[in-house]
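Student: Starting from these lines, generate the structure:
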Amino acid sequence: MKYEYFVWTDSLLIGNETIDNDHKVFFDIANLIVDLANSGEADARSFRDSVKLLKNYARAHFDREELFMRRIGYAQWIDNHIERHKQFVAIINEQALSVCVDDRKAIYFLANTIKDWINSHIKEEDQKLKKYIDEMGIDDGTIANYMKFD
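Tutor: Predicted coordinates:
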């Protein structure tokens, strides 16, 4: 059995190229994990490397997004948003520990969890952020600059 790859849809766009591109990478990483499930040749190292890539990328994205939210004064929802980021990392840690690399179904379940979480997060938390960005009139260039570490 081959597992289906996840496809990014424009319904997930929040309208900022920097943030949208960051979010698309989560789908790319989930699809790398689908590759492992479909290959039937996943080994502990390749699985561990994929999970490490996911965790490192998530942390970098979350750090950039949280820095951006602080810089634009997004005080109303920031605590909940940050908590959702922490929950994602905890979910990935928990699932990654429970997956046997020869269990293709469990590997795919992990990839599906990534996809489901990012869909939910974008549609709930990031749409609130988008509304704030629009209300404040913050342009794409400003967002790109604010998401950079000094």
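
Student: Least confident secondary structure element in the protein?
Tutor: helix 140-146 (a mean of 81; mean pLDDT, DSSP states H and E).

Student: Show me what it is packed up against.
Tutor: helix 17-39, helix 44-71 (3 or more C-beta pairs under 8 Å, 6 or more residues apart in numbering; DSSP states H and E). (Each C-beta comes from the backbone N, C-alpha and C, glycine too.)

Student: what about those, which gets the closest to Q127?
Tutor: Counting by C-beta to C-beta, Q127 lies closest to helix 17-39 out of these; the figure is 11.4 Å.

Student: coming back round to it: hey, which of the helices and strands packed on helix 140-146 is tucked in deepest?
Tutor: helix 17-39 (a mean of 19; mean count of other C-beta atoms under 10 Å).

Student: And that helix, what does it pack against?
Tutor: By 3+ C-beta pairs under 8 Å, 6+ apart, helix 17-39 packs against helix 44-71, helix 104-121, helix 140-146.

Student: what residues does it touch?
Tutor: 2-8, 12-14, 42, 46-47, 50, 53-54, 57-58, 61, 64-65, 104-105, 107-108, 110-112, 114-115, 118, 122, 126, 140, 143-144, 147 (C-beta atoms under 8 Å, 6 or more residues apart in numbering).

Student: between it and helix 104-121, how many degrees?
Tutor: 160 degrees (axes from the mean of the first three to the mean of the last three C-alpha atoms, to 10 degrees).

Student: got the CA positions of helix 17-39 in PDB?
Tutor: C-alpha atoms of helix 17-39 as PDB (Å, rounded to 0.1, in the frame of the first residue of the first chain):
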ATOM      1  CA  GLU A  17       4.800  35.400   1.100                       C
ATOM      2  CA  THR A  18       7.300  35.000   3.900                       C
ATOM      3  CA  ILE A  19       4.800  33.300   6.300                       C
ATOM      4  CA  ASP A  20       3.100  31.200   3.500                       C
ATOM      5  CA  ASN A  21       6.400  29.900   2.200                       C
ATOM      6  CA  ASP A  22       7.400  28.900   5.800                       C
ATOM      7  CA  HIS A  23       4.200  27.000   6.100                       C
ATOM      8  CA  LYS A  24       4.600  25.200   2.800                       C
ATOM      9  CA  VAL A  25       7.900  23.700   4.100                       C
ATOM     10  CA  PHE A  26       5.900  21.900   6.800                       C
ATOM     11  CA  PHE A  27       4.100  20.000   4.000                       C
ATOM     12  CA  ASP A  28       7.500  19.300   2.300                       C
ATOM     13  CA  ILE A  29       8.800  17.800   5.500                       C
ATOM     14  CA  ALA A  30       5.600  15.800   6.100                       C
ATOM     15  CA  ASN A  31       6.000  14.400   2.500                       C
ATOM     16  CA  LEU A  32       9.600  13.400   3.300                       C
ATOM     17  CA  ILE A  33       8.200  11.300   6.100                       C
ATOM     18  CA  VAL A  34       5.500   9.900   3.700                       C
ATOM     19  CA  ASP A  35       8.500   8.900   1.500                       C
ATOM     20  CA  LEU A  36       9.900   6.900   4.400                       C
ATOM     21  CA  ALA A  37       6.500   5.200   4.900                       C
ATOM     22  CA  ASN A  38       6.200   4.400   1.200                       C
ATOM     23  CA  SER A  39       9.700   3.200   0.700                       C
END
